[in-house]
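Participant: need a 3D model of the following:
(one chain, ligands or ions: 1)
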Amino acid sequence: MEKIIVKKSTGLKGNIRVDGSKNSILPILAATLLCKEECIIHDIPDLQDVKIMCRLLEELGAKVEKLGTDSLKVRADNIKTCEAPYELISKMRASFLVMGPLLTRCHDAKVYMPGGCAIGARPIDLHLKGFKYLGSDVKSESGYVHATAEKLIGRDIYLDFPSVGATENLIMAATLAEGETVIENAAEEPEIVDLANFINSMGGNIIGAGTKTIRIKGVEKLHKTEHTVIPDRIEAGTYMVVAAATGGDVMIENVVPSHLQPVIAKLRESGAAVEEYDDKIRIKAGDTVKALDIKTLPYPGFPTDMQAQFMAFLSKAEGTSIINETIFENRFMHVNEMSKMGLSVKVEGSSAILKGSSPLSGAKVKATDLRAGAALIIAGLIAEGETEITEVYHIKRGYSNIIEKLKSLGANIRYEK
Ligand code: EPZ
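Facilitator: All right, here's what the predicted structure looks like:
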């Protein structure tokens, strides 16, 4: 079984280039199903999840062609089936994002129910409620969600929670619907803006992406386009924490600093120095690490996808830190693993209370989701001795070439088959 072996590493230095955003490319690939002409997309990260989404598009009838090392050409001129199979949906929840495009393009979409995962039940009720509001009939049939509609008609939809996936699925469904759809209490993440920009570049008519109110005027058809995906703010944030946690001084390239304000603010509060440039960020560790109070919130609040990484980092803090996870009901799976390394932490409801300056020591641990896996690497870089991380497939889902990137900074880390 493949493992990652990490040893204590201090003073990491150098430059790291961040890839295109995983959570942007996945909905954008789904959105190529809206268009019969070719879409060329650049800065595609080399991730397992992207490969799964491309396979799904091909299963549905699209042609997917790799261009060079990090671009794709997708052409969905004829969709041969509107059914997304279990074996692909079960591998990656985000495959459910093909539901909106299939429904609005073919008036028929049958997608296997995405299961929950380590971090929570992750229901899809807001997605389905939105599809019904747009005029579709939604049924559950032996594990599948089957939505059909004569045609989709735009109307106002209020999201009980600013769900990223539901906002994305409904933007795509509304793109070819008749009339105007208004999504209220929409998610405001940068990945929503990137998706809207991509669809508008094909001739879509979406305004307000990045705010709580998004207006989508349905159009007849879309045309070809070329698009470059935004940088991955969570990959960037992860390497910023690596630098702060190891006494390092690292330049992170290909970033949008405005996408990282909560992470920058918290790192500065902890005592790190952060210099922002147009498309890069320099992060220098502080002499000491101050305790923090963190509360995860929908964007522009502190991202839940950075919570585990900060927990590893705050093992070094002087004093007590509190991390309140408000987005997912079970996103403290990494606590058990880090406790094996000596982290002094107590979970009470949705909060984890960390007694700081608990020196970590290397142990055998397992990744429980992709961000927890990255957090265990950070813990391993801090801990005395050697840490062995298994279930590393989780990490590969969200971080391309993470071993090579960390080694380039001087980290003592390797894969072991
Ligand atoms: C996206 O997941 C991201 N994934 C997640 O990143 C991220 O953590 C999450 O947004 C929150 O920012 C992708 O973009 C592929 P949600 P998504 O719908 O869309 C509840 C990573 O590490 N909810 O905003 O699934 C849900 O249970 C991953 O890269 C409903 O109740 O997140 C959760 O508690 C992990 N009903 C909360 O909303 C619904 O119909 C946030 O979920 C939908 C969601």
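Participant: secondary structure element for Ser9?
Facilitator: For Ser9, there is no host helix or strand (DSSP states H and E).
Participant: so it versus Ile234, what's the distance?
Facilitator: 21 Å (C-beta to C-beta, to the nearest Å). Glycine gets a C-beta too; all of them are placed from N, C-alpha and C.
Participant: which one of those two has more residues nearby?
Facilitator: More neighbours surround Ile234 than the other of Ser9 and Ile234, with 24 against 21 (other C-beta atoms under 10 Å).
Participant: helix, strand or coil for the closest residue in space to that one that isn't next to it in sequence?
Facilitator: The shortest distance from Ile234 to any residue other than its chain neighbours is 4.5 Å, reached at Asp305 (C-beta to C-beta, 6 or more residues apart in numbering). Following DSSP: H, G, I helix; E, B strand; the rest coil, we place Asp305 in the helix state.
Participant: next, count neighbours for Asp305.
Facilitator: Asp305 has 24 neighbouring residues, counting by other C-beta under 10 Å.
Participant: correct me, but it touches Ala372?
Facilitator: No. The criterion here is C-beta atoms under 8 Å, and Asp305 misses it with Ala372 at 10.5 Å.
Participant: list the contacts for the residue of the chain found nearest the ligand?
Facilitator: Nearest residue of the chain to the ligand, counting by C-beta to the nearest ligand atom: Gly165, 2.8 Å away. Residues counted as contacts of Gly165 (C-beta atoms under 8 Å, 6 or more residues apart in numbering) are Ala94, Phe96, Leu97, Ile124, His127.
Participant: for burial, what's the neighbour tally of the last one?
Facilitator: Taking other C-beta under 10 Å as the neighbour definition, His127 ends up with a count of 27.
Participant: the fourth one now?
Facilitator: Taking other C-beta under 10 Å as the neighbour definition, Ile124 ends up with a count of 19.
Participant: which SS class is the spatially closest residue to Leu56 that is not a sequence neighbour?
Facilitator: Leaving out its chain neighbours, the residue that sits closest to Leu56 by C-beta to C-beta, 6+ apart is Leu88, at 4.7 Å. Here Leu88 is recorded as helix under three-state DSSP.
Participant: picking that back up, wait, is the residue of the chain closest to the ligand part of a helix?
Facilitator: Yes. Judged by three-state DSSP, Gly165 forms part of a helix.
Participant: what score does it have for pLDDT?
Facilitator: Turning to Gly165, the model gives it a pLDDT of 98.
Participant: ok, it to Ile124 distance?
Facilitator: According to C-beta to C-beta, Gly165 stands 8 Å off from Ile124.
Participant: give me the nearest residue to Cys35, chain neighbours excluded.
Facilitator: Using C-beta to C-beta, 6+ apart, the closest residue to Cys35 is Leu222 (4.1 Å).
Participant: that neighbour against Asn200, yeah?
Facilitator: No. Counting by C-beta under 8 Å, Leu222 does not reach Asn200; the two are 9.7 Å apart.
Participant: neighbour count: those two, which is higher?
Facilitator: The neighbour count for Leu222 versus Asn200, taken as other C-beta under 10 Å, is higher for Leu222 (22 against 16).
Participant: ok, the closest residue to Gly179 other than its chain neighbours - contacts?
Facilitator: Nearest residue to Gly179 in three dimensions, chain neighbours excluded: Gly154, at 3.7 Å (C-beta to C-beta, 6+ apart). By C-beta under 8 Å, 6+ apart, the contact list for Gly154 reads Leu134, Ala174, Ala177, Glu178, Gly179, Glu180, Thr181, Val182, Ile216, Lys217, Gly218.
Participant: for Gly154, phi and psi?
Facilitator: Main-chain dihedrals, Gly154, degrees, to the nearest 10: phi -60, psi 150.
Participant: can you check Gly100 too?
Facilitator: Dihedral angles for Gly100 - degrees, to the nearest 10 - are phi -60, psi -50.
Participant: per-residue pLDDT of it, please?
Facilitator: 98.
Participant: for the one 3 residues further on, same thing?
Facilitator: If you check Leu103, the pLDDT there is 97.
Participant: likewise the one 10 residues further on?
Facilitator: Listed pLDDT for Met113 reads 87.
Participant: and what of the one 4 residues further on?
Facilitator: The pLDDT attached to Cys117 in the predicted structure is 73.
Participant: would you confirm that it contacts Arg93?
Facilitator: Yes. Using C-beta under 8 Å, Cys117 is in contact with Arg93, at 6.5 Å.
Participant: flag every buried residue along the helix or strand bottoming out on mean pLDDT in the chain.
Facilitator: Least confident helix or strand of the chain, by mean pLDDT, DSSP states H and E, is helix 86-89 with a mean of 85. Applying a neighbour-count criterion of 16 or more other C-beta atoms under 10 Å, one finds Leu88, Ile89 buried in helix 86-89.
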